[in-house]
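Engineer: Requesting a structural model of the entry that follows:
(2 chains)
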Amino acid sequence: MNFDYTDKVKDMQARLLAFMDVHIYPNEKRFFR
Amino acid sequence: MEELKPKANKAGLWNLFLPHSKRAPQGLTNLEYAPLCEIMGRVPFAAEIFNCSAPDTGNMETLERYASEDIKDQWLEPLLRGEIRSAFLMTEPAVASSDATNIQCSIRREGNEYVINGLKWWSSGAGDPRCAVYIVMGKTDPEAPRHSQQSMIVVPANTPGIKVLRPLTVFGYDDAPHGHMEVELKNVRVPVGNLMLGEGRGFEIAQGRLGPGRIHHCMRTVGSAERALELMCKRLNSRVAFGKTVSSQGVWHERIADARIMIEQARLLTLKAAYMMDTVGNKIAKSEIAMIKVIAPNMATQIIDWAIQAHGGGGVSDDFPLAYAYAHQRTLRLADGPDEVHRNSIAKLELARHIATMPQDVEMPVTRGS
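Structural biologist: Residues are numbered from 1 along each chain as shown, chains lettered A, B, ... in the order given. Next comes the predicted model:
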């Protein structure tokens, strides 16, 4: 059993979270209009 | 939002959902994809920005696995590039489509063409002007054994005889331009090469397709629940009622703790199902897939409901993402098979382990997918 994400996944998580912060959350209000 | 897609592609965050395809080398395994898909699930439109949204992911996976190379060149490639969108036409208004053997749409061969007649609804994505292709399920042989009557066929959205009748609303949301459409098919003709895998093999395709589709929903659902819990805690910490912060009222401790426990449970089972799909295949993982399909949206609707309560009147408005998230998660207790159908399968699998005379090969539900 291994409950940790791989280094590859951790790296992608960090990049995806950064993308969400820069591009997704700031546009969320637009989606609901 | 289209302007964000090239940025996602450039950032290496594109088509991550598709495992084992030479056409999408960036694709991940289900276990690798799960925690990333979860993050996308935190915001309703995010998955599409990464070309990872339903029903296109399920349709792309279906085309990748079961379509001819010609069909893949024609339809899978532009879908992978995010240039067009797609829809899956299975559910019908006239019959209980939770039992897919009820599907009535007719796919009849005439020379080098199939002629399609039927009425579909909940064709999600068919309202989008960019939606260029449908995968349609229907009966090629109504006289064949119950599970060999249905087939799946690729139908260009602009084929004569197709009429998109109306969008259905989800608790009042029309989800435009995506849309959940009612679609009429009247003497729609497509070449015989558009039929995938062969006549009567629609259920086989449905089973291959629905595993990934279901687990992707569950991954995003975990993200949606995480977001709701986060918004709930922030709100409770920021408001004062009856002389103290709302977060210091005991009832919220109970709900916050339960929410955290429920999310962790659902995530672990989702990851286990993803791991099994990667290691032993979608078929062996059927029980785990059915279990998370029941757990995830039930967990999320409860947590979102608490989060709405924490926001007071604001919670049911579109000033916060909670009302929309609730509507979507509630829908997922029906989409890709209602809770009852999945519970029924789980129970049958469990019973089969304890009765020697019961068939070991338990029939899993074939139901709407996206």
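Engineer: secondary structure class for the residue sitting nearest the centre point of chain A?
Structural biologist: For chain A, the residue nearest the mean C-alpha position is residue A:17 (2.7 Å; C-alpha atoms, centre = their mean). Three-state call for residue A:17 (DSSP: H, G, I helix; E, B strand; the rest coil): helix.
Engineer: Regarding the closest residue to it other than its chain neighbours, which helix or strand does it belong to?
Structural biologist: With C-beta to C-beta, 6 or more residues apart in numbering or on different chains as the measure, residue B:39 is the residue that lies nearest to residue A:17, at 6.3 Å, once sequence neighbours are left out. In short, each C-beta sits where N, CA and C put it, glycine included. Applying DSSP states H and E as the criterion places residue B:39 in helix B:30-40.
Engineer: helix or strand right after that helix?
Structural biologist: Moving toward the C-terminus from helix B:30-40, the next helix or strand (DSSP H and E) is helix B:46-49.
Engineer: Flag every buried residue along the very next helix or strand once past that next one.
Structural biologist: Toward the C-terminus, helix B:46-49 is succeeded by helix B:56-66 as the next helix or strand (DSSP H and E). By neighbour count with 16 or more other C-beta atoms under 10 Å in any protein chain shown, helix B:56-66 contains the buried residues B:56, B:57, B:58, B:59, B:60, B:61, B:62, B:63, B:64, B:66.
Engineer: Looking at these, spot the one nearest chain A.
Structural biologist: Comparing the buried residues of helix B:56-66 against chain A with C-beta to the nearest C-beta picks out residue B:57 as the nearest, at 16.1 Å.
Engineer: so the closest one touches residue B:216, yeah?
Structural biologist: Yes: if you go by C-beta atoms under 8 Å, residue B:57 and residue B:216 touch, sitting 6.0 Å apart.
Engineer: overlap in contacts of those two?
Structural biologist: residue B:17 (C-beta atoms under 8 Å, 6 or more residues apart in numbering or on different chains).
Engineer: that older thread, which residues are in contact with the residue nearest to residue A:17?
Structural biologist: The contact partners of residue B:39, taken as C-beta under 8 Å, 6+ apart, are A:13, A:16, A:17, A:20, B:46, B:223.
Engineer: Among the residues you listed, which one is most surrounded by other residues?
Structural biologist: The most crowded member of the contacts of residue B:39 is residue B:46, carrying 28 neighbours; neighbours defined as other C-beta atoms under 10 Å in any protein chain shown.
Engineer: Helices of the chain, start to end?
Structural biologist: Using chain A. Counting by DSSP state H, the segments of chain A that form helices are A:7-19, A:28-31.
Engineer: wrong one, I was asking about chain B
Structural biologist: Going by DSSP H, chain B shows helices at B:4-10, B:30-40, B:46-49, B:56-66, B:69-71, B:77-80, B:202-238, B:250-279, B:286-310, B:322-331, B:339-352.
Engineer: Using CSV, lay out the ones you listed together with mean pLDDT.
Structural biologist: Rendered in CSV, the data for the helices of chain B read as follows (pLDDT from 0 to 100):
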stretch, mean pLDDT
helix B:4-10, 97
helix B:30-40, 96
helix B:46-49, 97
helix B:56-66, 94
helix B:69-71, 97
helix B:77-80, 98
helix B:202-238, 92
helix B:250-279, 97
helix B:286-310, 97
helix B:322-331, 98
helix B:339-352, 94
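Engineer: Could you list the contact residues of chain A toward chain B?
Structural biologist: By C-beta under 8 Å from any C-beta of the partner chain, the part of chain A that sits against chain B consists of A:5-6, A:8-9, A:12-13, A:15-17, A:19-20, A:23-25, A:27-28, A:30-32.
Engineer: Any of those buried? List them.
Structural biologist: For the residues of chain A next to chain B, a burial check counting by 16+ other C-beta under 10 Å picks out A:5, A:9, A:12, A:16, A:19, A:20, A:23, A:24.
Engineer: Retrieve the pLDDT associated with the first one.
Structural biologist: For residue A:5, the pLDDT comes out at 95.
Engineer: Now do the closest residue to it other than its chain neighbours: how many residues are near it, please.
Structural biologist: Excluding its sequence neighbours, the residue lying closest to residue A:5 (C-beta to C-beta, 6+ apart) is residue B:35, at 5.9 Å. For residue B:35, the count of nearby residues is 21 (other C-beta under 10 Å).
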